[in-house]
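> Using only what follows, build the 3D model:
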Amino acid sequence: MANLPDVTRRAIVNNVLKNSKDGKVHRGKYVELARNYGCLWHTVEHIWKRYSSNVALGVLDGAPESLIKKKSGRKPYDRADLATKISALPMDGASVLPSQLNELGSPSLCTSFSTLKPVLSEEQRARRVSHTLSFLDEKTCEFEPMYDIVHIDEKWFHEDVDGRPYRLLPDEEPPQRHRRSKRHTPKTMFLAAVDVCCIYDYQRKTMFDDKLGIWPLVEFYTAQCNSRN
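Below is the predicted model:
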C-alpha cells in the first residue's frame with residue numbers, strides 16, 4: 001500500500017478530532033475513515049496516536065506528516081567537524097583519497113584507474129595466440145607448469161612525481177617542493193627475479209617459496225642524449 005500524502009494525513013486528523021471526546025475516538029471511526037481514504041484502520045490509529053503524543057510534547061500542530069523524507073537519503077554531516085578532521089591529517093596522507101577516508105572513518109570509497117590498452121592488428125593477435133599455444137602439452141593439452149622458468153623484470157622507483165594532488169581546506173596551502181628540474185628527479189632501478197610456483201627442494205629438503213629476490217642496479221655513468229631513462 002502506498003504511503004499516504006501529508007494532506008490526507010492532516011484530513012484524517014481533522015476527522016478524528018470531530019468524532020472524538022476527551023481524547024477517545026468513537027467506536028468504528030477508524031474503520032470508517034480507513035474505508036474512505038483507502039488504507040488500513042491500523043494506519044489511521046497510528047496517525048492519530050502520533051498526533052496525540054506530539055501535542056502532549058508541546059507540538060502545536062501535532063506534526064502528523066510522514067517521516068520518510070527525514071529518515072531516508074544521505075545523512076547530514078557537520079562541516080566544522082569534517083574540517084577539523086581534515087586539518088589534523090598529515091600532508092602526505094592528504095594526497096591519497098583511500099588513506100584520507102580511512103582517517104576520517106569513511107572507508108567506503110576507493111580509487112580506481114583505467115589504463116590504455118594497445119590496439120592489436122590481426123597479425124599481432126595471431127602471434128599472441130601462437131605464443132600462448134606453445135605452452136600447451138600436445139599429448140595431454142594441459143598448460144605447461146613452467147617449473148624450470150624464472151621471470152626477470154626491472155622495476156623503476158621514482159623519488160617523487162611532478163604533479164601530486166592534495167585535498168586541503170580553503171585556508172591551507174600545498175607544501176612547497178623544489179627540484180632543480182622535473183627531469184632531474186632521482187630514480188632507482190631494481191632487478192626482480194620470481195619463480196612460477198612453490199616447489200620442493202630435494203637437496204635442502206624444504207619448500208621453495210618461489211621468491212628469488214630483488215636487487216638494486218646502481219651504476220653511475222654519463223646519460224645518453226636520446227635515452228629516456
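
> After the lowest-mean-pLDDT helix or strand in the chain, heading C-terminal, what element do we hit next?
Taking mean pLDDT, DSSP states H and E as the measure, the helices and strands of the chain show their lowest mean at helix 97-104, namely a mean of 58. Next helix or strand after helix 97-104 toward the C-terminus (DSSP states H and E): helix 122-133.

> okay, Thr111: pLDDT?
We have a pLDDT of 54 for Thr111.

> what's the answer for the one 10 residues further on, then?
What the model reports for Ser121 is a pLDDT of 93.

> From Arg128, how far out is it?
Per C-beta to C-beta, to the nearest Å, Ser121 is found 11 Å from Arg128. C-beta: built from backbone N, CA, C; applies to glycine.

> next one: Val31
Distance from Val31 to Arg128, counting by C-beta to C-beta: 75 Å.

> Where do the domain boundaries of this structure fall?
6-71, 74-110, 146-162+177-229 (automatic domain parsing).

> Those domains: which one's closest to Leu169?
The closest of those to Leu169 is domain 74-110. By C-beta to C-beta, the value is 5.7 Å.

> Next up, the contacts around Val44.
12, 16, 30, 33-34, 37 (C-beta atoms under 8 Å, 6 or more residues apart in numbering).

> Please render those residues as a markdown table that adds pLDDT, neighbour count and secondary structure to the earlier fields.
Formatted as a markdown table, the contacts of Val44 follow (pLDDT from 0 to 100; neighbours: other C-beta atoms under 10 Å; DSSP: H, G, I helix; E, B strand; the rest coil):
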| residue | pLDDT | neighbour count | secondary structure |
| --- | --- | --- | --- |
| Ile12 | 84 | 23 | helix |
| Val16 | 83 | 21 | helix |
| Tyr30 | 83 | 21 | helix |
| Leu33 | 83 | 22 | helix |
| Ala34 | 83 | 17 | helix |
| Tyr37 | 81 | 16 | helix |
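
> first vs last residue of stretch 56-73, how far apart are they?
One end of stretch 56-73 sits 29 Å from the other (C-alpha to C-alpha, to the nearest Å).

> average model confidence for it?
Mean predicted confidence for stretch 56-73 is 76.

> in it, what's buried?
62, 64-65 (16 or more other C-beta atoms under 10 Å).

> Relative to the whole chain's centre, how far out is that stretch?
34 Å (C-alpha atoms, centre = their mean, to the nearest Å).

> How about residues contacting it?
3-6, 9-10, 12-13, 47, 50-52, 54-55.

> If we use 10 Å, what do you get?
Applying C-beta atoms under 10 Å, 6 or more residues apart in numbering, the contact partners of stretch 56-73 are 3-14, 16-17, 23, 46-48, 50-55.

> What average pLDDT does stretch 161-173 get?
When pLDDT is averaged along stretch 161-173, the result is 79.

> got any ranges where the protein has weak pLDDT?
1-2, 82, 86, 89-113, 196-199, 208-212, 217-219, 223-229 (pLDDT under 70).
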